[in-house]
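Participant: sequence-free structure coming up:
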């Protein structure tokens, strides 16, 4: 039996002492407890705190419990048929004179440990993500659709193209009126020049499987390279595609889009493409100057200077 003293036991002890000193009626009013409650615990109290503990309400006997003959029958049938289902087992027991319900059989079998142990599930060990060793080794690229709530003109569509260097977290953002392979190719040329001005040579770009980047899942143009892929080949940049339906493989750029939604799109309105491009450029400069924990609290600009 657990000998620890709980707060409820201390409370009842205080109530008993007060009732003994001032009477049950006054204790009932002060502690906001019924007289029957106080009399119940007063009858149990022998002056010790242990006597005020809650006792088990489990019955001392169970006249309707399984007999030894029934338990032996269950064990025998289970031993002969270890793979038999619950209902089939109950049905066979009924044929041999068993009169209990399936729920009762389940409880007694669980208590006797007659169910096969569940096989432990294999713990999933994610493959460690490849770490970059120098700037420009791999740049993640993705497109974000600008929310309609941020655009003043209901007929205007805007798209944010994003590139983020995996090593330095340095980002380049550009505004486009459409999401197409032409816009993607133009963005690839711009990001290559933008990173080159900062002393970073882009070696590889990683994208998802959207039609603006690849024809991988196209029925009619699967073997034809897109304009984006042709431009990457011209610039001597390797194009890597992530696993389908696995955006976490492009996690850095996806996370940056979530931060853009929180810091930029939630509080800005755009009236035209030039207006959006101007505001996006300001936001790009600010985001590249924010300290980041993965960079040991350096900003991407400060961190990239150390390696170029």
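Facilitator: Now that the structure is in, tell me what you want to look at. As the structure is a prediction and not an experimental result, all values here were calculated from the model.
Participant: tell me which helix or strand comes right after the helix or strand hosting residue 280.
Facilitator: If you go by DSSP states H and E, residue 280 is part of helix 273-287. Of the helices and strands lying after helix 273-287 in sequence (DSSP H and E), the nearest is helix 300-305.
Participant: residues contacting that following helix, please?
Facilitator: Helix 300-305 has contacts (Cβ atoms under 8 Å, 6 or more residues apart in numbering) with 135, 165, 168-171, 198, 200, 288-289, 292, 295-296. Glycine gets a C-beta too; all of them are placed from N, C-alpha and C.
Participant: one step back: buried sites along the helix holding residue 280?
Facilitator: Buried residues in helix 273-287, defined by neighbour count with 16 or more other Cβ atoms under 10 Å: 276-277, 279-280, 283-284, 287.
Participant: ramachandran coordinates for the residue positioned nearest the centre of the chain?
Facilitator: Residue closest to the average C-alpha location in the chain (Cα atoms, centre = their mean): residue 248, at 12.4 Å. Geometry field for residue 248 lists phi and psi as phi -70, psi -20, criterion degrees, to the nearest 10.
Participant: check residue 165 too.
Facilitator: phi -70, psi 130.
Participant: so who does it touch?
Facilitator: 135-136, 138-139, 171, 195, 200, 300, 304 are the contacts of residue 165 under Cβ under 8 Å, 6+ apart.
Participant: quick one: low-confidence ranges for the protein?
Facilitator: Residues of the chain meeting the criterion pLDDT under 70: 1-3.
Participant: how is it carved up into domains?
Facilitator: Listed domain ranges for the chain are 7-52, 68-112, 139-305 (source: automatic domain parsing).
Participant: what about the second one, distance to the chain center?
Facilitator: Counting by Cα atoms, centre = their mean, to the nearest Å, domain 68-112 is centred 42 Å from the centre of its parent chain.
Participant: same thing with the last one?
Facilitator: Chain-centre distance of domain 139-305: 25 Å, with Cα atoms, centre = their mean.
Participant: that domain: end-to-end distance?
Facilitator: 17 Å (Cα to Cα, to the nearest Å).
Participant: what of the shortest one?
Facilitator: Across domain 68-112, the terminal residues are separated by 12 Å (Cα to Cα).
Participant: ok so, going back, now distance to residue 145 too, for the contacts of helix 300-305, in JSON lines please.
Facilitator: Output for the contacts of helix 300-305, formatted as JSON lines (distance: Cβ to Cβ, whole Å):
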{"residue": "135", "distance to residue 145": "29"}
{"residue": "165", "distance to residue 145": "23"}
{"residue": "168", "distance to residue 145": "26"}
{"residue": "169", "distance to residue 145": "23"}
{"residue": "170", "distance to residue 145": "23"}
{"residue": "171", "distance to residue 145": "18"}
{"residue": "198", "distance to residue 145": "28"}
{"residue": "200", "distance to residue 145": "28"}
{"residue": "288", "distance to residue 145": "22"}
{"residue": "289", "distance to residue 145": "26"}
{"residue": "292", "distance to residue 145": "25"}
{"residue": "295", "distance to residue 145": "28"}
{"residue": "296", "distance to residue 145": "33"}
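Participant: if anything else comes up later, I'll come back, but that's it for now.
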